[in-house]
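1. Provided below are the primary sequence and the corresponding predicted coordinates.
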Amino acid sequence: MTRIKICGLTREADVEAAVAAGADAIGFVFYARSPRAVTPGRARSLARLLPPFVTPVGLFVNATDAELQAGIEALPNMLVQFHGDETPADCDRTKRPYLRAARMAPGVDLLDFAAQFPNAQALLLDAHVDGYGGGGKVFDWSLIPPSVSSRLVLSGGLNAVNVADGIARVRPWAVDVSSGVEVSKGIKSADLIHEFCRAVRLADSGADAELSR
Ligand SMILES: O=C(O)c1ccccc1N[C@@H]1O[C@H](COP(=O)(O)O)[C@@H](O)[C@H]1O
């Protein structure tokens, strides 16, 4: 079963829509330059809407220790998503479970990158865009070496139309979407969230049918 993360939530109604649609994880952007940024206090009040077994994820880009600490204090059970230029030592220093984003572009050696981050719970693969991420851009999935052994979270320009193809080709542990379920930056559409989650479930059931043949 492919896990689903919906990222960049700023409104109660969007959190409720993501939970109702069956999302496994909800991302809060703690990066002040993002149009989807929330403060730790705002993230804490949005995260109160999460039921058990739906994981809050805090996204950081080159954050200071104080910024990380403020996010972790607001959401003590969060998974950290490092989406900037953080080194393995930066990531390990928080002593929290984390995802490490790899910004995919021609020439990126994902095997080498994976070897640098053995403690990451998963590598989150996003397209290389200006502004670090959330650009709604699909990268060339053939850049992913089949031999990479880390768990992968496929991200970057996913939407209800292309996510099944991504699942079939990459077989990721999880998929992550932000722009593809938005009407404008930081404002999600409940309909698009439901369509995205439905497309993931359909892709999974297609894969199951294939396996049982
Ligand atoms: O959402 C942002 O504004 C953002 C800013 C800086 C780094 C990452 C960001 N978002 C993450 O980017 C990927 C891909 O998003 P999209 O679906 O292509 O819009 C996703 O993990 C977002 O969480």
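-> Nice, thanks for sending it over. Residues are numbered from 1 along each chain as shown.

2. Only C-alpha atoms from now on, for both contacts and neighbour counts.
-> Will do.

3. looking at this, residue 44 is in a helix?
-> Yes - looking at residue 44 with DSSP: H, G, I helix; E, B strand; the rest coil, it is inside a helix.

4. can you tell me how far the spatially closest residue to it that is not a sequence neighbour sits from the ligand?
-> In this structure, residue 44 finds its nearest non-sequential neighbour in residue 74, 5.3 Å apart by Cα to Cα, 6 or more residues apart in numbering. As judged by Cα to the nearest ligand atom, to the nearest Å, residue 74 and the ligand stand 19 Å apart.

5. so where's the protein uncertain?
-> Residues of the chain meeting the criterion pLDDT under 70: 207-213.

6. what about 90?
-> For the chain, applying pLDDT under 90 flags the ranges 131, 134, 206-213.

7. Going along the chain, name the helices of it.
-> 12-21, 40-47, 65-74, 88-93, 110-116, 163-170, 190-212 (DSSP state H).

8. As CSV, those helices with mean neighbour count would be great.
-> Converted to CSV, these look like this (neighbours: other Cα atoms under 10 Å):
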stretch, mean neighbour count
helix 12-21, 19
helix 40-47, 19
helix 65-74, 16
helix 88-93, 14
helix 110-116, 15
helix 163-170, 17
helix 190-212, 17
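
9. Same list, those, but as JSON lines with distance to residue 152 please.
-> Listed next are the helices of the chain as JSON lines, based on distance: least, Cα to Cα, whole Å:
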{"stretch": "helix 12-21", "distance to residue 152": "21"}
{"stretch": "helix 40-47", "distance to residue 152": "24"}
{"stretch": "helix 65-74", "distance to residue 152": "23"}
{"stretch": "helix 88-93", "distance to residue 152": "17"}
{"stretch": "helix 110-116", "distance to residue 152": "10"}
{"stretch": "helix 163-170", "distance to residue 152": "9"}
{"stretch": "helix 190-212", "distance to residue 152": "15"}
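
10. got the residues of this structure near the ligand?
-> Residues of the chain lying close to the ligand (Cα under 6 Å from any ligand atom) are 7-8, 34-36, 83, 126, 131-137, 155-158, 176-180.

11. Name only those of those that count as buried.
-> 7-8, 34, 36, 83, 126, 132-137, 155-158, 176-180 (16 or more other Cα atoms under 10 Å).

12. Skip the chain neighbours and tell me the closest residue to residue 148.
-> residue 111 (5.9 Å).

13. Actually, residue 169.
-> Closest to residue 169 by Cα to Cα, 6+ apart is residue 141, at 7.8 Å.

14. What is the neighbour count of the one you found?
-> For residue 141, the count of nearby residues is 15 (other Cα atoms under 10 Å).

15. Which residues belonging to stretch 115-130 are considered buried?
-> In stretch 115-130, counting by 16+ other Cα under 10 Å, buried: 117, 119, 120, 121, 122, 123, 124, 125, 126, 127, 128, 129.
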